[in-house]
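K.L.:
Just to be clear, the model below is a prediction. Sequence and coordinates:
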Amino acid sequence: MAELDRTIPAIECRHVASGYNGNVLMNDINFTIDRGEIVFLLGGSGCGKSTLLKHIIGQVPPISGSIRILGREVTADASETDPLQILRSFGMMYQSGALFGNLSVLENVLLPLQEFSGLPPEVCETAARMRLAQVGLLTRAHAMPAELSGGQRKRTAIARAMALDPPVLFLDEPSAGLDPITSASLDELIRHLSRKLGMTVVIISHELASIEAIADRAIYLDRRVGGVLDQGSPHYLKHQSPYAEIRAFFNRQAECSPVKESL
């Protein structure tokens, strides 16, 4: 994929109405994510974070609005965009890992390379082994998913999501089901990969330890206001956001009404 102007944001959502089957979850989502950022999408249960992620990756079209990845429109009516270019511009790791149980670790990572890269088989395997080395799993290349720990399965899924060297990486609840030590190790890996490879990383997670450890910025979505309630660094949102609900989220307090207090 040709190098894009690095001044172009990684992701732009403009006046996005999010929902499915006629059910509107949020009606005016607006935000920009710059290249190289690690950004968490936050919000209360049922606010539509996962649905928004499906809109962004083109899995489900939004009701209306514009979504761009690296300057390319991804909404269903985008006529100027090559779908294959969009697919190669990002990698996706699902919460469960979604590994194929009948394939080895190496074969799982090889799949997108074999399907989309057009490279010779030996080059594909070299690239897949490099990705496994980057996540610390090269010695487990021939293991089956059932033989891996939970953290190793997540690392394999990240290696597969990175197989095509995408500029943007989406992670859905990467720490779900992991113990605190394994989760912290995964956080460190995500930060290392983002900084070393210059990838933009967008994460859906409620893990406060992860957010405070690696987020450059968090975007808090709220269904009652129909879009972004506030955004900023974890420190800002925890201590300085004018919204009591957001401060309560970061301080693990009982739910508050999202009313902006006088400053």
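P.N.:
Nice, I can see it. Numbers count the residues shown, from 1 in each chain.
K.L.:
the helices in the stretch 151-263 of the chain, which residues?
P.N.:
Here the stretch 151-263 of the chain has its helices, by DSSP state H, counting those that start in this stretch, at 180-197, 208-214, 234-239, 244-250.
K.L.:
In terms of secondary structure, what does the first one contact?
P.N.:
Helices and strands in packing contact with helix 180-197 are listed as strand 38-43, helix 150-161, strand 168-172, strand 200-204, helix 208-214; criterion 3 or more CB pairs under 8 Å, 6 or more residues apart in numbering; DSSP states H and E. The way it works is simple: take the backbone N, C-alpha and C, and place the C-beta from them, glycine included.
K.L.:
List the buried residues for it?
P.N.:
Thr182, Ser183, Ala184, Ser185, Leu186, Asp187, Leu189, Ile190, Arg191, Leu193, Ser194 (16 or more other CB atoms under 10 Å).
K.L.:
so how far is Gly150 from the fifth one?
P.N.:
Spelled out, that is Leu186. Using CB to CB, to the nearest Å, one gets 10 Å for the distance from Leu186 to Gly150.
K.L.:
just the third one next, same as before
P.N.:
Using CB to CB, Ala184 is found at 14 Å from Gly150.
K.L.:
And for the fourth one?
P.N.:
Per CB to CB, Ser185 is found 12 Å from Gly150.
K.L.:
Let me know how buried Pro121 is, in neighbour terms.
P.N.:
Residues near Pro121, counting by other CB atoms under 10 Å, number 10.
K.L.:
Sorry, slip of the keys, the one I care about is Asp165.
P.N.:
15.
K.L.:
Bridging across strands, which residues link to the residue most central in space within the chain?
P.N.:
Taking CA atoms, centre = their mean as the criterion, Phe170 is the residue nearest the geometric centre of the chain, at 2.2 Å. Per DSSP bridges, the residues bridged to Phe170 are Met92, Val202.
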